[in-house]
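**Q** Have a look; sequence and predicted model below, questions after that.
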Amino acid sequence: MSEQEIAVMESIAESVAESVAASMAESLMAGNGEASENSSESSRESAEASQASETNQPPAAGGNSPVGEGFAADHGALKVDGASLVDQNGDPIQLYGMSTHGIAWFPQFVSRDSFQTLRDDWNTNCVRLAMYTHEYNGYCAGGDQDYLKSLVRTGVNAATELGMYVIIDWHVLQEQDPNVYKQQALDFFGEMSETYADHTNVLYEICNEPNGYASWDSVKSYAEEVIPVIRENDPDAVIIVGTPTWSQDIDKAQANPLDEENILYALHFYAGTHKDVLWNRLDSCVQNGLPVFVSEFGMCDASGNGANDFDSAKSWFDVIEKYNISFCCWNLANKDESSSVFKASCTKVSDWTEEDMNESGKWIRDYFRSK
């Protein structure tokens, strides 16, 4: 690893640590379980009002998918065929859309109106629901689990009604190794897979970004326990598995893959930091049969901030489009950072104009629209 890469990783770690410390301090002062200055009480009330207007019922019995008319209804249940994601007819398919930021932090964007604008104006067919497990009063670190699950249900139901695919993301980060909260993951995915067993549009991302001391052997052993819990309820579900070093070490998975069907391996990149070494790794792994989903990326540097490098992003998409790889952009929020697609001053949750968008938002919306 180069000195520059080490410096970037240290910067990320320091940034995360500062965010966690700040959010813990705010939680102690406020005493209401809220995380981050951007997750205001008014935002939560707005999100709860939105949720109250939407159904949170489980799927109807009988094995009929409740997916509304649209892309996900047309393509149906997905499966992995070699290195490709294919639809119910065996035809190659590419999912693309936005990832939320932490849903506890920016709940206002987990809404039908937000997703409909992404579908109709941005031309996307997928949304990723990022539920932090540790940071920002995460699911396993003092967060309101019932509230977080209600946000997941709201997001899944909105995407389902709109005929979009949706990823339920167990957003491992600060805890580094997903085994830290393995029992909670087993319980969560057991509940979610039971609830959405008849939803042909739901994918499960069981660990976002293993990092630090987490090895592929450790991640693989975790996956080998979590996957059967999902399979018990949804035998054919498509499952995305994160890889070590912030979901960059797909070559480790290539060398020792899981003995499971319908598995995709996560690769994450930030175009301002990750260049030819990583996109060449992606090219090589896919050529050798590894099915990959780029479930998170940004045009800025790996901290989520800094200048955007759109030339590097274009090089990344040359590889992504070459192999028809699915992808989700980070992030659907108005956080004051480069990777958020909206300006911090934007208070709208739908029908956004260019005046509401950061540079990254304008670029990725144009890219989606070009597809």
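**A** Structure received.

**Q** Output the below-cut-off pLDDT ranges for the stretch 1-150 of the chain.
**A** The model of the stretch 1-150 of the chain has pLDDT under 70 over residues 1-64.

**Q** quick one: secondary structure of the residue most central in space within the chain?
**A** Closest to where the C-alpha atoms of the chain average out (CA atoms, centre = their mean) is Arg128, at 4.1 Å. Here Arg128 is strand, with the state taken from DSSP: H, G, I helix; E, B strand; the rest coil.

**Q** Ok, the one 3 residues further on next?
**A** Classification of Met131 using three-state DSSP returns strand.

**Q** cool, and Asp336?
**A** coil.

**Q** Looking at the residue nearest to it when sequence neighbours are not counted now. What's its pLDDT?
**A** Of all residues not flanking Asp336 in the chain, Ala344 sits nearest, at 4.1 Å (CB to CB, 6 or more residues apart in numbering). Where C-beta positions appear, they are placed from N, C-alpha and C, glycine not excepted. With respect to pLDDT, Ala344 scores 97.

**Q** Got the phi and psi for Ala344?
**A** Backbone torsions of Ala344, given as degrees, to the nearest 10, read phi -60, psi -30.

**Q** Count the residues that sit near it.
**A** Look at Ala344: counted by other CB atoms under 10 Å, it has 13 neighbours.

**Q** ok, now how distant is it from Val110?
**A** According to CB to CB, to the nearest Å, Ala344 and Val110 sit 19 Å apart.

**Q** cool, Phe71 as well?
**A** On the measure of CB to CB, Phe71 and Val110 end up 20 Å apart.

**Q** Tell me which of these two has more neighbours.
**A** Neighbour totals were compared for Phe71 and Val110, and Val110 leads with 27 against 19 (other CB under 10 Å).

**Q** give the contact list for the spatially closest residue to the more buried one that is not a sequence neighbour.
**A** Leaving aside its sequence neighbours, Val110 sits nearest to Gly155 (CB to CB, 6+ apart; 4.6 Å). Gly155 is in contact with 100, 103, 110, 115, 127, 129, 166, counting by CB atoms under 8 Å, 6 or more residues apart in numbering.

**Q** any idea whether Gly155 is helix, strand or coil?
**A** Using three-state DSSP, the structure places Gly155 in helix.

**Q** So which residues of this structure form strands?
**A** With strands called from DSSP state E, the chain shows them at 79-81, 84-86, 96-100, 126-132, 165-171, 202-205, 239-241, 263-270, 292-298, 326-332.

**Q** For those, give me a markdown table that also has distance to Lys348.
**A** A markdown table is the format used below for these (distance: least, CB to CB, whole Å):
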| stretch | distance to Lys348 |
| --- | --- |
| strand 79-81 | 37 |
| strand 84-86 | 32 |
| strand 96-100 | 15 |
| strand 126-132 | 17 |
| strand 165-171 | 22 |
| strand 202-205 | 27 |
| strand 239-241 | 30 |
| strand 263-270 | 26 |
| strand 292-298 | 21 |
| strand 326-332 | 12 |
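
**Q** In this structure His171 contacts Met131, no?
**A** Yes. His171 lies in contact with Met131 (CB atoms under 8 Å); the separation is 5.5 Å.

**Q** anything in contact with each of those two?
**A** Contact criterion CB under 8 Å, 6+ apart; residues shared by His171 and Met131: 102, 138.

**Q** Mind checking which of the two has more residues around it?
**A** His171 (27 against 24).

**Q** Quick check: bridge partners of the more buried one?
**A** Per DSSP bridges, the residues bridged to His171 are Tyr132.
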